[in-house]
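J.: Kindly generate the corresponding structure for this input.
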Amino acid sequence: MNLFIRFVLGIYAFLTLLLTASVLLIVTDTYNPIDAWLTAQQANEGFWIIIGILSFIGLLSLIFLIQAFSMKRSSHSKYVAPTDIGVIGISKASIESTVLTIIRRFDGLRSVKVDANILSKSQQVLVNVRYTPFGTSPVQENAKKLQETIKTELEKWLEIPVKEVKIAIENEPYTSKKQERVI
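T.: Presented below is the predicted three-dimensional model:
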């Protein structure tokens, strides 16, 4: 956690503690700090500073509430398959390694990068493959064949449901390298 977020959370926790203590004192009729302070300070600048601080607390609370319930696609580090006598776990690295093994059978692929995302709720896998093509093989035909092969082989070898396989084809940036000559 970076320093700014820790600072904001610290201020938020302190101000929430003060507000909670004030509400507890009011509810138990021990002391009414808000009423006493409002009658003494309503014409003072401090009153408006406190209103600003309470608005800040309200805004932070709203942000934390929205963040807590916002839907995110969570990715876990391993795929978990329950069985009758226990659980089988397949790591993300193992899935990516299997995809790379499948990709090695194809010609015309360079700079291959594989990323697997495991969806926790649906227990499915998303596979993202990026590569740079070379050679004379047709790019789209090769990519479609690669996509189908990854999906079927991954489902067959590891017995995990693959939701989708995304293929991204990148061009290698042009560099002005001198070509080597053999004399």
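J.: any idea how far residue 17 is from residue 139?
T.: Separation of residue 17 from residue 139 (CB to CB, to the nearest Å) stands at 61 Å. Using the backbone N, CA and C atoms, a C-beta is placed for each residue, glycine as well.
J.: So between these two, which is more surrounded?
T.: More neighbours surround residue 139 than the other of residue 17 and residue 139, with 13 against 10 (other CB atoms under 10 Å).
J.: Read off the pLDDT value for that one.
T.: If you check residue 139, the pLDDT there is 83.
J.: got it, and residue 183?
T.: Checking the pLDDT column for residue 183, the value is 62.
J.: Next: residue 40.
T.: 64.
J.: cool, the one 5 residues further on as well?
T.: We have a pLDDT of 70 for residue 45.
J.: Neighbours of it, how many?
T.: 8.
J.: If you average the pLDDT over the host helix or strand of residue 128, what comes out?
T.: For residue 128, the element it lies in under DSSP states H and E is strand 124-133. Averaged across strand 124-133, pLDDT comes to 89.
J.: which other helices and strands contact it?
T.: helix 92-103, strand 109-119, helix 139-157, strand 162-169 (3 or more CB pairs under 8 Å, 6 or more residues apart in numbering; DSSP states H and E).
J.: and the first one, what other elements does it pack with?
T.: I take that to be helix 92-103. strand 78-82, strand 109-119, strand 124-133, helix 139-157.
J.: For those, state which one has the densest average packing.
T.: strand 124-133 (a mean of 19; mean count of other CB atoms under 10 Å).
J.: now what about that one, what contacts it?
T.: 79, 95, 99, 103, 108-119, 139, 142, 146, 150-151, 154, 160-172 (CB atoms under 8 Å, 6 or more residues apart in numbering).
J.: quick check: angle from that strand to strand 162-169?
T.: Here strand 124-133 runs at an angle of 20 degrees relative to strand 162-169 (axes from the mean of the first three to the mean of the last three CA atoms, to 10 degrees).
J.: Each with direction, which strands does strand 124-133 pair with?
T.: strand 109-119 (antiparallel), strand 162-169 (parallel) (DSSP bridges).
J.: mind checking which helix or strand of this structure has the lowest mean pLDDT?
T.: Ranked by mean pLDDT, DSSP states H and E, the weakest helix or strand in the chain is helix 33-41, scoring a mean of 65.
J.: Where does the closest residue to residue 25 other than its chain neighbours sit: helix, strand or coil?
T.: Excluding its sequence neighbours, the residue lying closest to residue 25 (CB to CB, 6 or more residues apart in numbering) is residue 31, at 4.7 Å. Here residue 31 takes the coil state, with states given by DSSP: H, G, I helix; E, B strand; the rest coil.
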